[in-house]
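Participant: What follows is a protein structure lacking sequence information:
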């Protein structure tokens, strides 16, 4: 899911279960995962549909704040 889609859904009041977790392909990086009902989930992606990853946890949290996400579950 792209940033603009997340922001639009947040503005509509639609909430997702949000997870911040280590990237399985590069465990020194962090990725953001949104889970919707019925088992559907989405990674935060850029405009080219590449999964966004963050080398610093603080950067991932800043990204979540900029998207309007208030709650997140951290998986370490």
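Facilitator: Ah, there it is. Nothing here was measured: the structure is a model prediction, and the numbers come from that model.
Participant: tell me the strands in the chain, going along the chain?
Facilitator: Along the chain, counting by DSSP state E, strands occupy 17-23, 26-35, 41-43, 53-54, 73-75.
Participant: contacting residues for the spatially closest residue to residue 41 that is not a sequence neighbour?
Facilitator: The spatial neighbour of residue 41 that comes closest, neighbours along the chain excluded (C-beta to C-beta, 6 or more residues apart in numbering), is residue 35 at 4.5 Å. Where you see a C-beta, it was placed from the backbone N, CA and C, and this is true even at glycine. With contacts defined as C-beta atoms under 8 Å, 6 or more residues apart in numbering, residue 35 is in contact with 16, 17, 18, 19, 41, 42.
Participant: List the beta-bridge partners for the residue most central in space within the chain.
Facilitator: Closest residue to the average C-alpha location of the chain: residue 32 at 2.9 Å, with C-alpha atoms, centre = their mean. Assessed by DSSP bridges, residue 32 has beta-bridge partners residue 20.
Participant: State the pLDDT value of the residue nearest to residue 41.
Facilitator: pLDDT, the model's per-residue confidence, is 92 for residue 35.
Participant: For residue 42, see how far away it is.
Facilitator: Summarising the geometry, the distance separating residue 35 from residue 42, computed by C-beta to C-beta, to the nearest Å, is 8 Å.
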